[in-house]
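Participant: below are the sequence and a predicted model; questions follow.
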Amino acid sequence: MDEASEIKELLSRIGAGQSAALEDLHRLMANRLFGLILKVLKDRHEAEDALQETFLKIWKKAGNYREQSGSALSWLLTVARNTAFDRYRARNRRSDQLETFKEDMKDDPAVNRPSSSADENLVDQERKKTVREALHNLGQDQREAIEMAFFSGHTQIEVSEKLGVPLGTIKARIRRGMQSLKPHLHSIS
């Protein structure tokens, strides 16, 4: 059996839920997909994570592959490439956000003066407590989306993928959750 036929057959078996077929596909394609991902990300550790994410997407979406759309190899390469580019864009967004935050904070006197007094530490603890309590008042769906997006540093797309929920739903949960939090957090700003 040639490689193209083997990949097509493995995708069909994966689509039917056969985990052994995913292992076979991994043995056959992991190095090639890793090379493609590494060229985009230029970071071995991140490329390894992206490869794992790629195979997870293949597991979930193999049933969606249609031969009329192109070869099975092309489909695999597209999944890997898109995963790598999504991670690359997310990394750049986080980097841009961090630079903007640093720029905004560099002239802030509250950030630049030492915070060593007991009073300031107490105020910080009270703020944290207020935020925790406000988050606790949200529904689990909203709280989970907000915590992943704001405290774990995930993009909304990543939150959507990790939770298996449509992106629009994640955006709505975060927006509604932030609107619900606003009155509770007004006192700490």
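Facilitator: Arrived safely. Fair warning: this is a prediction, and the values are worked out from it, not measured in the lab. Residues are numbered from 1 along each chain as shown.
Participant: heading C-terminal from the lowest-mean-pLDDT helix or strand in the chain, find the next helix or strand.
Facilitator: Ranked by mean pLDDT, DSSP states H and E, the weakest helix or strand in the chain is helix 109-112, scoring a mean of 54. On the C-terminal side of helix 109-112, the closest following helix or strand by DSSP states H and E is helix 118-136.
Participant: who are the packing partners of that following helix?
Facilitator: The helices and strands touching helix 118-136, judged by 3 or more Cβ pairs under 8 Å, 6 or more residues apart in numbering; DSSP states H and E, are helix 140-146, helix 167-185. For every residue, glycine as well, the C-beta is placed using N, CA and C.
Participant: and that helix, average pLDDT?
Facilitator: pLDDT averaged over helix 118-136 equals 75, rounded to a whole number.
Participant: hey, what's the angle from that helix to helix 167-185? Just curious.
Facilitator: Angle between the axes of helix 118-136 and helix 167-185 is 140 degrees (criterion: axes from the mean of the first three to the mean of the last three Cα atoms, to 10 degrees).
Participant: buried set for helix 118-136?
Facilitator: Ala134, Leu135 (16 or more other Cβ atoms under 10 Å).
Participant: mind exporting that helix as CSV, just the C-alpha atoms?
Facilitator: As requested, C-alpha coordinates have been extracted for helix 118-136 and formatted as CSV (Å, rounded to 0.1, in the frame of the first residue of the first chain):
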residue,chain,number,x,y,z
ALA,A,118,1.7,46.6,55.8
ASP,A,119,-1.2,48.8,54.8
GLU,A,120,-0.5,48.4,51.1
ASN,A,121,-0.2,44.6,51.5
LEU,A,122,-3.5,44.5,53.4
VAL,A,123,-5.2,46.5,50.6
ASP,A,124,-3.7,44.2,48.0
GLN,A,125,-5.1,41.2,49.9
GLU,A,126,-8.5,42.8,50.2
ARG,A,127,-8.5,43.4,46.5
LYS,A,128,-7.7,39.8,45.7
LYS,A,129,-10.4,38.7,48.1
THR,A,130,-12.9,41.0,46.4
VAL,A,131,-12.0,39.6,43.0
ARG,A,132,-12.2,36.0,44.2
GLU,A,133,-15.6,36.6,45.7
ALA,A,134,-16.9,38.4,42.6
LEU,A,135,-15.7,35.5,40.4
HIS,A,136,-17.4,33.1,42.7
